[in-house]
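Enquirer: Here's my sequence, what's the structure:
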Amino acid sequence: MASKHVVPEAREALDRFKMEAASEVGVNLKQGYNGDLSSKEAGSIGGQMVKNMIKKYEESMK
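Expert: Numbers count the residues shown, from 1 in each chain. Below is the predicted model of the structure:
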């Protein structure tokens, strides 16, 4: 899926963030296409990303 990003430089940071979240939940995520992931695995990565974003936001509010 090709899409234009408002800030192309953010892609690298987002990829790192996704890899960190995958590592935290024990999912083996590789660079590039990961179509072999189950819905459960993909959902756990997304959920961990949201959890980490909320945590960082709450910490910034202190």
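
Enquirer: Now find how far off-centre the helix or strand containing residue 18 is within its chain.
Expert: Following DSSP states H and E, one finds residue 18 within helix 10-24. Averaging C-alpha positions (Cα atoms, centre = their mean, to the nearest Å) puts helix 10-24 5 Å from its chain's average.

Enquirer: Nearest to the middle of the protein, which residue? Look it up for me.
Expert: residue 18 (2.5 Å; Cα atoms, centre = their mean).

Enquirer: Would you check how far apart that one and residue 61 are?
Expert: 24 Å (Cβ to Cβ, to the nearest Å). (Each C-beta comes from the backbone N, C-alpha and C, glycine too.)

Enquirer: Equivalent analysis for residue 17, please.
Expert: 20 Å.

Enquirer: quick one, which of these two is more surrounded?
Expert: Comparing residue 17 with residue 61 by other Cβ atoms under 10 Å, the one with more neighbours is residue 17, at 15 against 6.

Enquirer: ok, the more buried one - contacts?
Expert: 49, 52 (Cβ atoms under 8 Å, 6 or more residues apart in numbering).
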